[in-house]
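Chemist: what's the 3D shape of this:
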Amino acid sequence: MTTTVLLLKLAGAAHLALIPVNLVAPSRLRYAESLAGARPIVRDIFYVHAGYIMPVLAGIGALCLGEAEFLAGGSPLARWVCGYLAAFWNIRVAVQLLFYDREERRRNRAFDVAFTGLFAGLALLFAAVAAGGLR
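Modeler: Numbers count the residues shown, from 1 in each chain. Sure thing, here's the model as predicted:
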């Protein structure tokens, strides 16, 4: 097993590990309390989007665990998929750093640093694989 394949499999496991985090987020961040005054359609959209990320994470995790060799292989499709995932996680890092409330991030510094580091690491890994820098 190459280093790239191992790293992609670890990335797959990391994606799957994010699923339970998304299951505890509603209570930890008090979604219901925060959305109590929102219009029903806004609440519905929020919950659908919050829930929809879990199958996305599961699919990416399964892809990385089950097809790490393919992703590491350097075919045009594999490079495109890795490039897309690099963009996906780069955008998530930008959202974390530029959009999320700074005071909330400060209050939850350990989580902020851990998630930002994880997302940046995923972005870097996928970008390197997409560019052909890891084999």
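Chemist: What values do phi and psi take at the residue located most distally from the centre of the chain?
Modeler: Residue farthest from the centre of the chain, counting by CA atoms, centre = their mean, is residue 37 at 28.8 Å. Reported as degrees, to the nearest 10, the phi and psi values for residue 37 are phi -90, psi 0.
Chemist: That one and residue 74: what is the separation?
Modeler: From residue 37 across to residue 74, the span is 51 Å (CB to CB, to the nearest Å). (Each C-beta comes from the backbone N, C-alpha and C, glycine too.)
Chemist: Just the buried residues of stretch 4-21, please?
Modeler: Buried residues in stretch 4-21, defined by neighbour count with 16 or more other CB atoms under 10 Å: 4-5, 7-12, 14-16, 18.
Chemist: now swap in stretch 126-133 and tell me
Modeler: Using 16+ other CB under 10 Å as the test for burial, stretch 126-133 gives 126-130.
Chemist: Quick check: which ranges of the protein have low pLDDT?
Modeler: 134-135 (pLDDT under 70).
Chemist: mind running it again at 80?
Modeler: Within the chain, the segments meeting pLDDT under 80 span 1, 133-135.
Chemist: Would you map the helices across it?
Modeler: Ranges of helices in the chain, per DSSP state H, are 3-28, 31-35, 40-66, 68-72, 76-94, 102-107, 109-130.
Chemist: contacting residues around the residue farthest from the centre of the chain?
Modeler: For residue 37, no contacting residues are found, by CB atoms under 8 Å, 6 or more residues apart in numbering.
Chemist: if we can go back for a sec, can I get the buried residues of stretch 4-21 in TSV including distance to residue 52?
Modeler: Shown next, in TSV, are the buried residues of stretch 4-21 (distance: CB to CB, whole Å):
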residue	distance to residue 52
4	29
5	29
7	27
8	24
9	25
10	25
11	20
12	19
14	19
15	15
16	16
18	13
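Chemist: Sounds good, over and out.
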